[in-house]
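Engineer: Any chance you can model this:
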Amino acid sequence: MSLLGIDLGTTGCKAGVFARNGDCIAQAYREYDMLHPQPGWSELDSRLVWSKTREVIAEVAAPAKHDPITALSVSAFGEAFVPVSKNRELLDNSILCVDDRGVEHVKRMVAAFGREALYRINPNLLGPNYSMPKLLWLRENRPEIFQNADYFLLWSDLTAFLLGCDPVTNNSHANRTLLFDLKKNDWSDVLLKWSGIPREKLGRVVSGGDIIGTVSDAMAEKLGLPKGVQVVAGGHDQCCNALGCGAVSAGKAVYGLGSFDCITPVYSKPSGTLEMLRENLNIEHHVLPGLYVSFLYNQSGLLVKWFRDTFASGAGSYEQLDSEMPVPPTRLLVLPHFDTPPHHSPDTAGVIAGLRTDTKRGEILKAIIEGATCYFVEGIQSLHTLGIDTAAFIASGGGARSDAGLQIRADIFGIPIIRPRITEAGLLGAAILAGISTGVFASAGEAVELFVHEERMFEPDAARHEFYRQKVQLYRQLYSANRALLGGLQAL
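Structural biologist: As a prediction, the model looks like this:
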């Protein structure tokens, strides 16, 4: 028997089949682009993403016929939902978290409840990136779509629904809507009433790892899957990344490098909830019971893709661009506030400072990675303040294959970065979750023993760390000194 993991990201989708002994039988990937119908709008073509998802599933199903797939689960990016009908028709594009729409509803929510009261129900850092503000925008601006949609499903559960399962929402993704009560592990009656969003349009809440159905016979035939493949509720991609990196107990921390860079510490339920708020940290269910996670994130991977597509379209692969980066730290400063500024502040933007006529393309790329990494230093200090351990980071995602990228991060943080043998941890975590829930593995620990092995550790260089320690101070000054100017620019 084998297990299928599916991982949907902001810029591409992947599928992977893993044998019971830990071997990867097959992997497939398809890329897609964000759409920007208007300035500040960011969407995905829902039908295209689903088409690409079917392609990767079919591609990996074929070589797995000798070791039939018995179960699958889906890891996916958060917040973005799709309006869908009961007969599984996709009704509109998917609005992404970096989209500006709905900010007025966040302001209304804060005025109605206050940040602390909201955090006690749904412990997230408020901003327009979550699903609820977009849903309210949709209701006001595209009322026919809102009314015709039987469900609004986030991508992991939408994929399961399109494969033939009932409409549900897993708890880690439900948390990303701003409509979820963490303590109840269910939709919040208070927040649903305030928003006016009908509960029946959101799907029943389940926990990551719950068995939610099987792939329909018709869909199995189309995709080349065996009949009766069980579907296990997946989760937010960073939670699945954590599982796929072996973070199955408190005290582990994962560094995901995909479209977004995301630091994900794993811990037991915190006792001081408001202390987490004061340190600007969210709280979310892990896909494993009894564990929780927080996220420090920015769009580092999207910035690298933007740089490639805008300034280096003829350079070839990311590996080629990596080879152009200088070994020493750069003397450029990048403020990586392009679409996802700190705490969703609207009065900032991206900055590249220190350019000269002899500045090379590789220096700019390295400076973008440096700036996106400096962004996290304050958040890591907040984790330490709360006693959340980050003695080392386990790297995952496509960016984890870059030796240069991991070394930059180790040097800036002064913390070792561990690269596991399998870096597509979202895929692997989804497959492991499917195996745990269907009895293939007796426990998460048993699965980790089989699948998660260290390939290389990147130790920080002491001299470069000292240079970066000073650069972090300049980075902080760059934001402080330019905030009013950038705010004025955004207001034009």
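Engineer: Show me what residue 181 bridges to in the sheet.
Structural biologist: residue 186 (DSSP bridges).
Engineer: residue contacts, it?
Structural biologist: 121, 122, 187, 188, 189, 190, 191 (Cβ atoms under 8 Å, 6 or more residues apart in numbering). C-betas here are computed from N, CA, C, even on glycine.
Engineer: residue ranges for the strands of the stretch 51-200 of the chain, please.
Structural biologist: 69-76, 81-84, 94-95, 151-154, 168-170, 180-181, 186-187 (DSSP state E, counting those that start in this stretch).
Engineer: Pairing partners for the longest one, with directions?
Structural biologist: Looking back up the chat, that one is strand 69-76. strand 2-8 (parallel), strand 230-236 (parallel).
Engineer: helix or strand right after the last one?
Structural biologist: Meaning strand 230-236. Per DSSP states H and E, the first helix or strand lying C-terminal to strand 230-236 is helix 237-244.
Engineer: which residue sits closest to residue 126, ignoring its sequence neighbours?
Structural biologist: The spatial neighbour of residue 126 that comes closest, neighbours along the chain excluded (Cβ to Cβ, 6 or more residues apart in numbering), is residue 106 at 5.5 Å.
Engineer: what bits of the protein have low per-residue confidence?
Structural biologist: 315-316, 340-346 (pLDDT under 70).
Engineer: how about the biggest helix by length in the chain: buried residues?
Structural biologist: Among the segments of the chain that qualify as a helix by DSSP state H, the longest is helix 462-491. Across helix 462-491, burial judged by 16 or more other Cβ atoms under 10 Å covers 464, 465, 468, 471, 472, 475, 478, 479, 482, 486.
Engineer: Run a quick neighbour tally on residue 184.
Structural biologist: 11 (other Cβ atoms under 10 Å).
Engineer: With distance to residue 437 added, can I get the buried residues of helix 462-491 in CSV?
Structural biologist: Below are the buried residues of helix 462-491 laid out as CSV (distance: Cβ to Cβ, whole Å):
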residue, distance to residue 437
464, 44
465, 42
468, 42
471, 45
472, 42
475, 43
478, 47
479, 44
482, 49
486, 47
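Engineer: Nearest to residue 133 among the residues you listed?
Structural biologist: Distances from residue 133 to the buried residues of helix 462-491, taken as Cβ to Cβ, are shortest for residue 486 (22.7 Å).
Engineer: if I read this right, that closest one contacts residue 349, doesn't it?
Structural biologist: Yes. Here residue 486 reaches residue 349: they are 5.0 Å apart, a contact under Cβ atoms under 8 Å.
Engineer: Can you check which residues contact both of those two?
Structural biologist: With Cβ under 8 Å, 6+ apart as the test, residue 486 and residue 349 both reach residue 337.
Engineer: packing partners for the helix or strand where residue 434 lies?
Structural biologist: Secondary structure from DSSP H and E places residue 434 in helix 425-437. When contacts are defined as 3 or more Cβ pairs under 8 Å, 6 or more residues apart in numbering; DSSP states H and E, helix 425-437 packs onto strand 2-8, strand 12-19, strand 69-76, strand 230-236, helix 237-244, strand 253-257, helix 444-451.
Engineer: which of the contacts of residue 181 sit farthest apart?
Structural biologist: Between any two of the contacts of residue 181 (Cβ to Cβ), the greatest distance is 12.4 Å, for 122 and 189.
Engineer: Which residue of the two possesses the greater neighbour count?
Structural biologist: Per other Cβ under 10 Å, whichever of residue 122 and residue 189 has more neighbours is residue 122, with 26 against 12.
Engineer: list the contacts for that one?
Structural biologist: 175, 178, 179, 180, 181, 182, 188, 191.
Engineer: give me that answer again for 10 Å
Structural biologist: Listed by Cβ atoms under 10 Å, 6 or more residues apart in numbering, the contact set of residue 122 reads 113, 130, 132, 174-183, 188, 190-191, 282-284.
Engineer: Please, where are all the helices along the stretch 301-450 of the chain?
Structural biologist: In the stretch 301-450 of the chain, the helices defined using DSSP state H, counting those that start in this stretch lie at 318-324, 361-374, 377-385, 403-413, 425-437, 444-451.
Engineer: now the first one, how far from the centre of its chain.
Structural biologist: Looking back up the chat, that one is helix 318-324. Taking Cα atoms, centre = their mean, to the nearest Å, the mean C-alpha location of helix 318-324 is offset from the chain mean by 24 Å.
Engineer: Just the buried residues of that helix, please?
Structural biologist: 318, 321, 322, 324.
Engineer: Which secondary structure elements does that helix sit against?
Structural biologist: helix 300-311, helix 361-374, helix 403-413 (3 or more Cβ pairs under 10 Å, 6 or more residues apart in numbering; DSSP states H and E).
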